[in-house]
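**Q** need a structure here:
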Amino acid sequence: MNEFKELYNGDLFRYGTDKIGRWTRKFLYYFRKASTCKKKVICYYYRFRYRLISQKHGIEIPRTVSIGKGLFICHPYNITINPNVKIGKNLNIHKGVTIGQENRGKRKGVPCIGNNVWIGINSTIVGKIVIGDDVLIAPNSYVNCDVPSHSVVIGNPCKIIKKNNATEHYIENELID
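**A** I've put the predicted structure just below:
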């Protein structure tokens, strides 16, 4: 299966058959097409369509962002992600989330986010940090430190609570390889 089909079908699977709206289907389609397109002429079309739908919903996810299959956008507004961020599979992201770069100090750079991560409303993740697998980031959290796998992150400054199956019942229709 080609890269586009694998990523797009993985995204659609996460939504289930009856939960996906028309805008979401279009957004995911054009995001994945713009990210994986190889033919220069047709790429312009996909990038243009992706830019239109992104601007309409206030989503700033550059096509250069590396996001594994199973992207689930719960509320589509005011999401901003730095173009150099790397994200694993089965990501749930909510409105108002910022995943960005820190420009100075020991954490200068962008985050690397693992698999099965749930990011709550208005959370901010910045700096050259690593967020492990199976991590739940609570709404309104500010994360600027490494987060081990199987953890819940709350507050500002972030407080890390170890918890096995942290995203259980939060990440539905999880893709398993």
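**Q** I'd like the average pLDDT over stretch 142-162.
**A** Mean per-residue pLDDT for stretch 142-162: 96.
**Q** pull out the buried positions in that stretch.
**A** Of all the residues in stretch 142-162, those buried under the rule 16 or more other C-beta atoms under 10 Å are 142-144, 147, 149-154, 158, 160. For every residue, glycine as well, the C-beta is placed using N, CA and C.
**Q** three-state assignment of Tyr45?
**A** State at Tyr45, reduced to three classes by DSSP: H, G, I helix; E, B strand; the rest coil: helix.
**Q** burial count for it?
**A** By other C-beta atoms under 10 Å, 14 other residues sit near Tyr45.
**Q** the helix or strand hosting Leu136 packs against which elements?
**A** Taking DSSP states H and E as the criterion, Leu136 maps to strand 135-137. Packed against strand 135-137 by the contact rule (3 or more C-beta pairs under 8 Å, 6 or more residues apart in numbering; DSSP states H and E) you find strand 117-119, strand 151-154.
**Q** next helix or strand past that strand?
**A** Next along from strand 135-137, by DSSP H and E: strand 142-143.
**Q** tell me which other helices or strands that next one touches.
**A** Judged by 3+ C-beta pairs under 8 Å, 6+ apart, the packing partners of strand 142-143 are strand 124-126.
**Q** what does the next helix or strand after the strand it packs on contact?
**A** Note on strand 124-126: by DSSP H and E, the next helix or strand toward the C-terminus is strand 130-131. Outside strand 130-131, the residues that touch it by C-beta atoms under 8 Å, 6 or more residues apart in numbering are 111-114, 117, 125, 137, 143, 146-147.
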